[in-house]
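Asker: compute the structure for the input listed below.
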Amino acid sequence: MEAKTTLHTCAICGNITAKDTCDICRDTHRDRSIICVVQNAKDVIAMEKTQEFHGLYHVLNGVISTFKGILPEDINIDSLVARVDDSVQEVMSQQTQQLKGKQRLYTLVNGWKAKIALSVV
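Answerer: As a prediction, the model looks like this:
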């Protein structure tokens, strides 16, 4: 029960943490030019187990689904848009391989002023 009272979402990326900012966001050795967008905190754990990705994450805590009534404002997208600045060179989406997911992420990226690459893993 203690975990439920001490864990909350990271103020930067939305990952699960016991502190205001998660260990990944605080790690100065991470590549801050790449952000991998994932659906939930379990995806962060899975990616970290590979020990191949050394960038930052952004946890959406959901998936846009107009059919289910889940709109962009219902998930953690606004803070992702706020995070992307000139230092970010690439945004990766791990959340979906489906065309709709790619189109949604492209629409978000296209709205950013920074020129960044978009990839789907």
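Asker: from here on, just use CA atoms for contacts and neighbour counts.
Answerer: Will do.
Asker: residues contacting residue 6?
Answerer: By Cα atoms under 8 Å, 6 or more residues apart in numbering, the contact list for residue 6 reads residue 18.
Asker: pLDDT wise, what is it at?
Answerer: Residue 6 carries a pLDDT value of 87.
Asker: one more: residue 100?
Answerer: Residue 100 carries a pLDDT score of 55 in this model.
Asker: equivalent analysis for the one 10 residues further on, please.
Answerer: Model confidence at residue 110, expressed as pLDDT, equals 61.
Asker: again, but for the one 5 residues further on
Answerer: As summarised for this prediction, residue 115 has a pLDDT of 61.
Asker: can you check residue 29 too?
Answerer: 97.
Asker: in this protein, what helix or strand scores lowest on average pLDDT?
Answerer: The weakest-scoring helix or strand in the chain, judged by mean pLDDT, DSSP states H and E, is helix 99-111 (a mean of 59).
Asker: can you give me the helices in this protein?
Answerer: Using DSSP state H, the helices of the chain run over residues 2-6, 23-26, 41-50, 78-83, 99-111.
Asker: list the buried residues for the fourth one?
Answerer: Of the residues in helix 78-83, those with enough neighbours to count as buried (16 or more other Cα atoms under 10 Å) are 79, 80.
Asker: pLDDT of it, averaged?
Answerer: The average pLDDT for helix 78-83 rounds to 84.
Asker: ok, now the second one?
Answerer: Model confidence over helix 23-26, given as mean pLDDT, is 97.
Asker: report the buried residues of that helix.
Answerer: Using 16+ other Cα under 10 Å as the burial criterion, the residues of helix 23-26 that qualify are 24, 25.
Asker: send me that helix as CSV with only the CA atoms.
Answerer: Coordinates of the C-alpha atoms in helix 23-26 are reproduced here as CSV (Å, rounded to 0.1, in the frame of the first residue of the first chain):
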residue,chain,number,x,y,z
ASP,A,23,15.6,9.1,-12.4
ILE,A,24,15.7,9.1,-16.2
CYS,A,25,14.9,12.8,-16.5
ARG,A,26,17.5,13.6,-13.8
